[in-house]
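Chemist: Sharing a model prediction with you, sequence too.
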Amino acid sequence: MTDIDRRLMLKTSAGALVASLGTSQVQAQPPAASAPKEPPPEPVTRIVARYAATAPASQVPEAVRKEAARTLLNWVGCSVGGSRQDAPTRAVAALKAFSGPAQAGLFGRHERFDILNAALINGISSHVLDFDDTHLKTIIHPAGPVASALTAFSEYRPVSGIDFMNALVIGCEIECRMGNAVFPEHYAKGWHITGTTGVFGAAAAVGRLLGLDEERMVCAIGIAASQPVGLKVQFGSDTKSFHPGKAAQNGLLAALLAEQGFTASKVALEGFDGWGQAASTRHNWDEVTQGLGQRYETALNTYKPFACGIVAHPAIDAAIQLREANHLRPEQIKAVALKVHPLVLNLMGKTEPGIGLEGKFSVYHAVAVALVTGRGGDQAFSDKAVQDPVVVGVRRKVEVVVDPAIKADQVDMTITLVDGRQLHQFIEHAVGSQLHPMSDQQLEDKFSGQTEDILPIAQSRRLMALCWDAWNLRNAGDISRAGAAS
């Protein structure tokens, strides 16, 4: 059949169908009277873009400024501390032959890369130990994607401290609010929410430093929407730390493209077939737009005292307390019973981890190593610790049950000893949680512990001082330069 014959057949068939319906059914009907409609809501993408392009630093409350400095300090310490791990080292080896100009340094390392690859590698370093910050409402690690992009960019183009820190707040705010809009359904679908929302934070933050106007910021957000990254199946491998690094790189790229007039949908977040529809079975856009610039998710950021998934922190806290209070030895332990929040086994359910990275996602190992060594830092999640026969023996005595009554920062632990005694500990709010936060001194101790084996002590202390004083710096690029190894 020719094209002409096919078109004629379709036209004839359509005409026959209309005729069969009857004239009364195909005639246009006058619209029914209705009450005047409210104007349609302003597109979410535009509201986010306007905030990112215009929110002044002068309106950031003092408490949020302080939390932003704590966020930066913690992130820089994690970036230096993770810089010599296998994942960033492999990334450096893979990318160094293809990097562009040496525009930005790497925390804890001597190599220099173009800003896109520097953002990627620093993002990997900052997350590889799973020691970075956490927005507990969504389990997002806010600083990773945003600070990785900003520190790389600030070495390339001079940026004042106040502009840098305002951009950090803007980026973390948008990232966490996007997470609020789709959590937990988005996470339950298998997405690693730090990568999928972090790209928006990085794009908005760098876009602000580029001076993007509202229209170009709309495009930056739109370009970011087409670059989500991160699957939970990767937890326990190098690729988990790749997620915040790639989100940083993708967000930085989105802002640079938008600066040059690269276009994107103006409703990329909320539109039909947009990010919200594709990424989650539910999206509450009020979580993004309501109180934007007045109520700050950044103020809710928390910091980890233990180098593993945060949902296991209450159990580690309980194990260390019971060990210290009772001077426990491994051979005394007959059984360990835990009642935990439902997310614990979802995220930390590996019963037989074989390497350190897998141990970071095993509440069984986390409890066992805490009972044996009294520790929960990076060394507690090394290959050596995971494979230690004494730790393995205690690990196999740990039983975990989910109790919906247990909150995310709680645990109920009972240890049965070989002599028949039982020891009990209920953690109401784990150390590092929002209601039991790490103090400034604890953050400084954590920072020193992560950096002083990699950088000279004097350099580490100078880097710490720059982070605390970041809002007042003349050139925020000093932070990245001070964090590189000589």
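Modeler: Now that the structure is in, tell me what you want to look at. Numbers count the residues shown, from 1 in each chain.
Chemist: Tell me the first helix or strand C-terminal of the helix or strand bottoming out on mean pLDDT in the chain.
Modeler: Here the helix or strand of the chain ranked lowest by mean pLDDT, DSSP states H and E is helix 23-26, holding a mean of 36. Later in the chain than helix 23-26, the nearest helix or strand by DSSP states H and E is helix 44-54.
Chemist: could you point out which element follows that next one?
Modeler: Using DSSP H and E, the helix or strand that follows helix 44-54 in sequence is helix 62-81.
Chemist: Tell me who's in contact with the nearest residue to Gln227 once chain neighbours are set aside.
Modeler: Once flanking residues are discounted, Gln227 sits nearest to Asn250: 4.0 Å by CB to CB, 6 or more residues apart in numbering. To be clear about C-beta, it is placed using only N, CA and C from the backbone, and glycine gets the same treatment. By CB atoms under 8 Å, 6 or more residues apart in numbering, Asn250 lies in contact with Val199, Ala202, Ala203, Ala224, Gln227, Val229.
Chemist: Check which helix or strand Asn250 maps to.
Modeler: Using DSSP H and E, Asn250 sits in helix 238-259.
Chemist: by contact count, what packs against the next helix or strand after that helix?
Modeler: Scanning forward in sequence from helix 238-259 by DSSP H and E, the next helix or strand is helix 275-279. Helix 275-279 sits against helix 161-182, with contacts defined as 3 or more CB pairs under 8 Å, 6 or more residues apart in numbering; DSSP states H and E.
Chemist: Just flag the most distant two among the contacts of Asn250.
Modeler: Within the contacts of Asn250, two members stand farthest from each other by CB to CB: Ala203 and Val229, at 12.8 Å.
Chemist: neighbour-wise, which of the two wins?
Modeler: Ala203 (39 against 21; other CB atoms under 10 Å).
Chemist: Which secondary structure element is home to the more buried one?
Modeler: Ala203 belongs to helix 193-210 when assigned by DSSP H and E.
Chemist: orientation of that helix relative to helix 238-259 in degrees?
Modeler: Between the axes of helix 193-210 and helix 238-259, defined by axes from the mean of the first three to the mean of the last three CA atoms, to 10 degrees, the angle is 30 degrees.
Chemist: helices or strands up against helix 193-210?
Modeler: Contacts defined by 3+ CB pairs under 8 Å, 6+ apart place helix 193-210 against helix 44-54, helix 143-156, helix 161-182, helix 185-188, helix 214-225, helix 238-259.
Chemist: how about the ones you listed in TSV, adding distance to Ile121 and mean pLDDT?
Modeler: Output for those, formatted as TSV (distance: least, CB to CB, whole Å; pLDDT from 0 to 100):
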stretch	distance to Ile121	mean pLDDT
helix 44-54	25	98
helix 143-156	8	98
helix 161-182	19	98
helix 185-188	26	96
helix 214-225	20	98
helix 238-259	7	98
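Chemist: just those helices: most buried one?
Modeler: helix 143-156 (a mean of 31; mean count of other CB atoms under 10 Å).
Chemist: CA-only coordinates of that helix in CSV, if you can.
Modeler: What follows is helix 143-156, C-alpha atoms only, in CSV (Å, rounded to 0.1, in the frame of the first residue of the first chain):
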residue,chain,number,x,y,z
ALA,A,143,27.9,18.9,51.8
GLY,A,144,29.4,16.2,49.5
PRO,A,145,28.0,17.3,46.2
VAL,A,146,27.8,21.0,47.0
ALA,A,147,31.1,21.7,48.7
SER,A,148,33.0,19.5,46.2
ALA,A,149,31.7,21.7,43.4
LEU,A,150,32.2,25.0,45.2
THR,A,151,35.8,24.3,46.4
ALA,A,152,36.9,23.4,42.9
PHE,A,153,35.2,26.4,41.4
SER,A,154,36.6,28.8,44.0
GLU,A,155,40.2,27.9,43.0
TYR,A,156,39.3,28.7,39.4
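Chemist: between that helix and helix 193-210, how many degrees?
Modeler: Interaxial angle, helix 143-156 versus helix 193-210 (the same axes, to 10 degrees): 30 degrees.
Chemist: how about low-confidence regions in this structure?
Modeler: 1-41 (pLDDT under 70).
Chemist: tell me the domain ranges of it?
Modeler: Taking automatic domain parsing as the reference, the chain has its domains at 44-304+466-483, 310-427.
Chemist: Next, the distance between the ends of the first one.
Modeler: It stands for domain 44-304+466-483. End-to-end distance of domain 44-304+466-483 (CA to CA, to the nearest Å): 37 Å.
Chemist: Kindly report the same for the shortest one.
Modeler: End-to-end distance for domain 310-427: 14 Å, by CA to CA.
Chemist: same check, this time on stretch 286-303
Modeler: Length of stretch 286-303, first residue to last, CA to CA: 27 Å.
Chemist: Pull the residues that contact it.
Modeler: With CB under 8 Å, 6+ apart, stretch 286-303 has contacts from 44, 47-48, 51, 55, 59-61, 63-64, 67-68, 70-71, 74, 133-137, 142-143, 169, 172-174, 176-178, 180-181, 269, 310, 432-434, 437-438, 443, 446.
Chemist: for stretch 440-450, same thing?
Modeler: 70, 73-74, 76-78, 80-81, 131, 303, 305, 377-378, 438, 460, 464.
Chemist: ok, the residues you listed vs Leu120, which is closest?
Modeler: Of all the contacts of stretch 440-450, Leu120 sits closest to Cys78, with 15.7 Å by CB to CB.
Chemist: Compute the distance between the closest one and Ala408, please.
Modeler: Remark: distance between Cys78 and Ala408 (CB to CB, to the nearest Å) = 21 Å.
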